[in-house]
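A.B. asks: got a sequence here, can you model it:
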Amino acid sequence: MNTSDPLSDLLNRLRNGMRAGHDRVDVPSSRIKEDVVRVLAEEGYIASWRRVEEKGRPLIRVGLKYDGEGVPIVAGLERVSRPGRRVYAPAKEIPEVLGGLGISIVSTSKGVLTGRKAREALLGGEILCNVW
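C.D. replies: Coordinates of the predicted model:
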């Protein structure tokens, strides 16, 4: 499937998988998607992820995470910078999500980082999405 915004596709697949109560979601692989999923795993929003190949196509298999009652750990996913409206911010202007309860994911010159890590490293960049 060809999509004009692969990152929005990733976020929608994660959101839909969690709403449906699935254990995992498979997403077509790309470098930016792998970087975003890596950050989500480091921050504890997803259980696991790995690269797999099915029918000759590279995929990212994401293990979704729920609390003890089956409620998804991720309450919300929001795309910020879009293909038609890119959003960039210097380090000091990277917003906090829900007063620090969520994270923003930022593409910087040093790779994809959380907003907090980008601010600490004094790196600005493109604000890809917010997660809470």
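A.B. asks: for the nearest residue to G70 once chain neighbours are set aside, give me the pLDDT.
C.D. replies: Leaving aside its sequence neighbours, G70 sits nearest to G21 (CB to CB, 6 or more residues apart in numbering; 6.8 Å). No exception for glycine: its C-beta is placed from N, CA and C like everyone else's. Here the pLDDT value assigned to G21 is 97.
A.B. asks: for the residue nearest the centre of the chain, list the residues it contacts.
C.D. replies: The centroid of the chain falls nearest to V36 when counting by CA atoms, centre = their mean (4.2 Å). Residues in contact with V36 (CB atoms under 8 Å, 6 or more residues apart in numbering) are 7, 10, 105, 112, 128-129.
A.B. asks: could I get these as TSV with distance to G63 and pLDDT?
C.D. replies: Formatted as TSV, these follow (distance: CB to CB, whole Å; pLDDT from 0 to 100):
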residue	distance to G63	pLDDT
L7	19	98
L10	14	98
I105	19	99
V112	19	99
L128	21	99
C129	19	98
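A.B. asks: looking at those, which is nearest R86?
C.D. replies: R86 lies nearest to L128 out of the contacts of V36, by CB to CB, at 10.1 Å.
A.B. asks: and the helices in the protein, which stretches?
C.D. replies: Per DSSP state H, the chain carries helices over the ranges 6-20, 31-42, 115-120.
A.B. asks: distance to G70 for those helices - can I get that in JSON lines?
C.D. replies: Output for the helices of the chain, formatted as JSON lines (distance: least, CB to CB, whole Å):
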{"stretch": "helix 6-20", "distance to G70": "10"}
{"stretch": "helix 31-42", "distance to G70": "19"}
{"stretch": "helix 115-120", "distance to G70": "29"}
